[in-house]
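Asks: okay, predicted coordinates and the sequence, questions at the end:
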Amino acid sequence: SQTIHQWPATLVQPVGSPLSLECTVEGTSNPNLYWYRQAAGRGLQLLFYSVGIGQISSEVPQNLSASRPQDRQFILSSKKLLLSDSGFYLCAWSGTENQPQHFGDGTRLSIL
Amino acid sequence: KQEVTQIPAALSVPEGENLVLNCSFTDSAIYNLQWFRQDPGKGLTSLLLIQSSQREQTSGRLNASLDKSSGRSTLYIAASQPGDSATYLCAVNAGGSYIPTFGRGTSLIVHP
């Protein structure tokens, strides 16, 4: 069966520090991969998605970037965090557009 | 542009009631619709996926219906329990797109 792993679960970082969040999927090949942010009191915002290795599409201009170095690995990064980067970050995968999305457990990011 | 609205935004009911959560979408040219559950501080758990050719899907006490022509889906929860307390989100996938459109969710509290 397929599983998705996302870490860390919580992270507290100072303003201006770098960021690296990792997401891996097991049990499937060539998944579509997604990074979302969920801010308090707001909906789910799509940040990046990828349909293949090295293929990244950005939905919202921001201080963040994403990379897909391997088929089932998706990384969210920042060189310098801002206070506004605080939030709950979720990774998800799906097969084709006909298949459901499956989410990781999320990372709670707090910027001080 | 697809827009997804969920009503009500919040709901508090006593245990045992049958519930109906609503999801409406503006563009009826959808591929499928997915209902999720999110517990506080957790990721999204997929509950039901309805293909555009289907009218409903059932899983245990949950039943989701889809009326494409009117742009509506409902999630019916029978005999609600305190363990059903969570936020319920719906997401719509358009044909040919890998990016679902999410509603903001309905926050449900079932009290004993």
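Replies: Yes, it's here.

Asks: and the residue nearest in space to the middle of chain A, how far is that from residue B:107?
Replies: Central residue of chain A (C-alpha atoms, centre = their mean): residue A:35, 3.1 Å from the mean position. For residue A:35, the distance to residue B:107 equals 24 Å [C-beta to C-beta, to the nearest Å]. No exception for glycine: its C-beta is placed from N, CA and C like everyone else's.

Asks: what does residue B:50 give?
Replies: Residue B:50 is 22 Å from residue B:107, by C-beta to C-beta.

Asks: which of the two has more neighbours?
Replies: A count of neighbours by other C-beta atoms under 10 Å in any protein chain shown puts residue B:50 above the other of residue B:50 and residue B:107, at 20 against 17.

Asks: and that one, what element?
Replies: strand B:44-51 (DSSP states H and E).

Asks: so how far is whatever helix or strand comes next after that strand from its chain's centroid?
Replies: Next in sequence after strand B:44-51, counting helices and strands by DSSP H and E, comes strand B:56-59. Using C-alpha atoms, centre = their mean, to the nearest Å, the mean C-alpha position of strand B:56-59 is found 12 Å from that of the whole chain.

Asks: is strand B:56-59 anywhere near chain A?
Replies: No: judged by C-beta under 8 Å from any C-beta of the partner chain, strand B:56-59 and chain A are separated, with a smallest distance of 11.1 Å.

Asks: which parts of that strand are buried?
Replies: Within strand B:56-59, the residues that qualify as buried are residue B:57, counting by 16 or more other C-beta atoms under 10 Å in any protein chain shown.

Asks: by contact count, what packs against that strand?
Replies: When contacts are defined as 3 or more C-beta pairs under 8 Å, 6 or more residues apart in numbering or on different chains; DSSP states H and E, strand B:56-59 sits against strand B:44-51, strand B:62-67.

Asks: as a markdown table, those strands with mean pLDDT and distance to residue B:21 would be great.
Replies: Output for these, formatted as a markdown table (pLDDT from 0 to 100; distance: least, C-beta to C-beta, whole Å):
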| stretch | mean pLDDT | distance to residue B:21 |
| --- | --- | --- |
| strand B:44-51 | 94 | 11 |
| strand B:62-67 | 97 | 9 |
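
Asks: those: which one's closest to chain A?
Replies: Across the helices and strands packed on strand B:56-59, the minimum distance to chain A, taken as C-beta to the nearest C-beta, is reached by strand B:44-51, at 4.2 Å.

Asks: hey, what's residue A:48 bridged with?
Replies: The partner list for residue A:48 in beta bridges (DSSP bridges) reads residue A:35, residue A:58.

Asks: isn't it up against residue A:57?
Replies: Yes: counting by C-beta atoms under 8 Å, residue A:48 touches residue A:57, with 6.6 Å between them.

Asks: more crowded one of these two?
Replies: residue A:48 (23 against 13).

Asks: distance of that one relative to residue A:64?
Replies: Per C-beta to C-beta, residue A:48 is found 8 Å from residue A:64.

Asks: can you pull the poorly scored residue ranges out of chain A?
Replies: A:61, A:97-98 (pLDDT under 70).

Asks: go again using 80 as the cut-off
Replies: Within chain A, the stretches with pLDDT under 80 are A:40-42, A:61-62, A:96-99.
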